[in-house]
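A.B. asks: Here's my sequence, what's the structure:
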Amino acid sequence: MPSYKLYYFAGRGRAELPRLMFKEAGVPFVDERITDWPNHKAEMPFGQMPVLEIDGFKLSQTGAIVNYLARELKLIDTKCNLSHAKVEELLGAAGDCMQNLPYFEKDAEKKAATVKEIMEGKVIPTFEKLEGKVAGSTTYLKEFSFADLAVLAFVDSLNDFDSSVIGRFPKLKKVYDSTAARPKVAAYLATRPKTPF
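C.D. replies: Next up, the predicted model:
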């Protein structure tokens with residue numbers, strides 16, 4: 001088993017899905033939460049995070065990291081390319097929704113207006129489409145995969161802004177709740193640091 005070290009800021013963000021994947025698989029890793037980013041930026045392949053170090057090799061880009069981990073940690077059926085593509089579609093849709101959320105906006109009025117615009121214009125229409133793609137009774141695909149961990153990470157990030165939205169989508173809510181209740185995931189969620197993003 002390789003040794004793993006995950007570099008990211010002191011928040012959930014783009015590193016939360018890889019963290020959840022490690023936790024669900026029961027694979028140890030070093031969770032390196034960087035608080036002095038300017039001192040580390042030059043060490044990262046593209047000057048950004050997350051970065052996953054695998055036996056000394058630094059892999060950048062969230063998509064590359066989660067795709068690598070999905071195969072290595074057996075969190076996807078590697079014989080079904082369509083299953084993997086469906087998760088990629090989910091990740092792309094989630095990324096599109098998340099990119100403009102106002103995590104660091106200090107003006108409360110401006111923040112509320114931006115959140116409302118994103119929720120109504122992007123998130124809710126995306127959830128409507130994803131709801132129709134849920135294939136299992138408690139899983140996004142027919143069987144548990146990293147797609148379910150992606151739903152959990154995605155919804156958790158959105159809940160920082162409006163926790164009522166997921167309740168309008170019963171299939172996605174069931175995936176979210178079932179994934180959060182998985183023993184290893186639940187243990188992690190109960191102890192993970194509280195962060196603003």
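
A.B. asks: How about the contacts made by the nearest residue to Glu143 once chain neighbours are set aside?
C.D. replies: Sequence neighbours aside, Gly136 is the residue nearest to Glu143 in space, at 6.8 Å (criterion: C-beta to C-beta, 6 or more residues apart in numbering). Heads up, the C-betas are built off the backbone N, CA and C, glycines and all. Taking C-beta atoms under 8 Å, 6 or more residues apart in numbering, we find Gly136 in contact with Lys142, Glu143, Val175.

A.B. asks: measure Gly136 to Ala147 for me?
C.D. replies: 10 Å (C-beta to C-beta, to the nearest Å).

A.B. asks: Arg12 now?
C.D. replies: 18 Å.

A.B. asks: Looking at these two, which is more packed in?
C.D. replies: Neighbour count, other C-beta atoms under 10 Å: between Arg12 and Ala147, Ala147 has more, with 29 against 21.

A.B. asks: which parts of the helix or strand hosting the more buried one are buried?
C.D. replies: Assessed by DSSP states H and E, Ala147 sits inside helix 146-159. Under the neighbour-count criterion of 16 or more other C-beta atoms under 10 Å, helix 146-159 has 146-158 buried.

A.B. asks: Do you have the strands of the protein handy? List them.
C.D. replies: With DSSP state E, the ranges of strands along the chain come out as 4-9, 30-34, 51-54, 57-60.

A.B. asks: which residues touch the lengthiest helix in the chain?
C.D. replies: Ranked by residue count and defined by DSSP state H, the top helix of the chain is helix 81-98. The contact list for helix 81-98 (C-beta under 8 Å, 6+ apart) reads 63, 66-67, 70, 76-78, 118, 122-123, 126, 129-130, 133, 140-141, 145-147, 150-151, 153-154, 157-158.
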